[in-house]
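predicted model, plus sequence, below.
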Amino acid sequence: MAEKKILIVDYDAESLEKLSKLLKSNKFHIIKASDGQAGYNKFRSEEPDLVVLEAILPKMHGFDLTKRITQESEGRVPVVIVTGLYKGPRYRQEALGSLGAADFFEKPVDAESFVSAIKKLLHEEDDFDEALPDSNAVIEALSRRGRAHASPRREGKSPHEGKRP
């Protein structure tokens with residue numbers, strides 16, 4: 001499976017580095033931007049699998065960037081908002097509802113729940129495609145199995161007769 005790309009957009013260099021190190025340690029490829037416009041440009045050029053952004057950003061507000069990414073990707077690229085300013089259920093509800101964010105965290109971020117949410121959002125169907133055979137192989141295996149287990153039926157008796165459910 002290919003390494004997942006995550007774009008992190010935060011004006012605060014320290015916060016950007018902390019989130020970057022945290023996600024790199026979990027085997028994600030990290031792309032960084034320090035303002036909303038640069039974040040949008042990197043979203044367009046790098047095509048990340050997920051975007052983590054601060055709500056307060058210079059040059060393009062994080063909420064505007066969230067809406068733009070969500071609309072342009074038609075919801076295929078999840079956006080996780082991380083903020084130190086907008087706190088409380090009202091902002092969380094707005095971010096997840098009208099802005100289309102996939103998740104919302106307040107700073108300081110709980111590392112374990114943050115990484116868990118990121119991994120959950122990046123869960124891929126590709127993981128299953130590698131392990132599962134195609135439908136024709138399944139049908140063939142089931143038909144062979146059915147022939148191998150077929151036994152002659154005794155007339156007049158149900159195959160379940162005398163057996164407990």
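Received the coordinates, thanks.

helices of this protein, residue ranges please.
Ranges of helices within the chain are 13-24, 36-46, 62-72, 89-96, 111-121, 126-131, 135-149, based on DSSP state H.

pLDDT weak spots in the chain?
Applying pLDDT under 70 to the chain picks out residues 1-2, 124-133, 146-165.

how does it look with 90?
For the chain, the stretches flagged by pLDDT under 90 are 1-3, 85-86, 88, 94, 98, 123-165.

and the residue nearest the centre of it?
Most central in the chain under C-alpha atoms, centre = their mean is Leu121, positioned 1.8 Å from the mean C-alpha point.

hmm, back to that, turn the helices of the chain into JSON lines, including distance to Asp103.
In short, each C-beta sits where N, CA and C put it, glycine included. Formatted as JSON lines, those follow (distance: least, C-beta to C-beta, whole Å):
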{"stretch": "helix 13-24", "distance to Asp103": "13"}
{"stretch": "helix 36-46", "distance to Asp103": "17"}
{"stretch": "helix 62-72", "distance to Asp103": "11"}
{"stretch": "helix 89-96", "distance to Asp103": "7"}
{"stretch": "helix 111-121", "distance to Asp103": "5"}
{"stretch": "helix 126-131", "distance to Asp103": "20"}
{"stretch": "helix 135-149", "distance to Asp103": "34"}
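
any idea which of these gets closest to Phe104?
Across the helices of the chain, Phe104 has its closest neighbour in helix 89-96 (4.5 Å, C-beta to C-beta).

list the buried ones in the closest one?
For helix 89-96, a neighbour-count test (16 or more other C-beta atoms under 10 Å) marks Tyr91, Arg92, Ala95 as buried.

ok, what's across the strand from the residue nearest to the second one when sequence neighbours are not counted?
Beyond its immediate neighbours in the sequence, the residue positioned closest to Arg92 (C-beta to C-beta, 6 or more residues apart in numbering) is Phe104, lying 4.5 Å away. Each beta-bridge partner of Phe104 is listed here: Ile81, as defined by DSSP bridges.

beta-bridge partners for the nearest residue to Gly39 once chain neighbours are set aside, please?
Computed as C-beta to C-beta, 6+ apart, the closest residue to Gly39 that is not its neighbour in sequence is Val9, at 3.4 Å. Using DSSP bridges, the beta-bridge partners of Val9 come out as Ala33, Leu53.

for Val9, give me its contacts.
Val9 sits next to 32-36, 38-39, 42, 51-54, 57, 62, 65 when contact means C-beta atoms under 8 Å, 6 or more residues apart in numbering.
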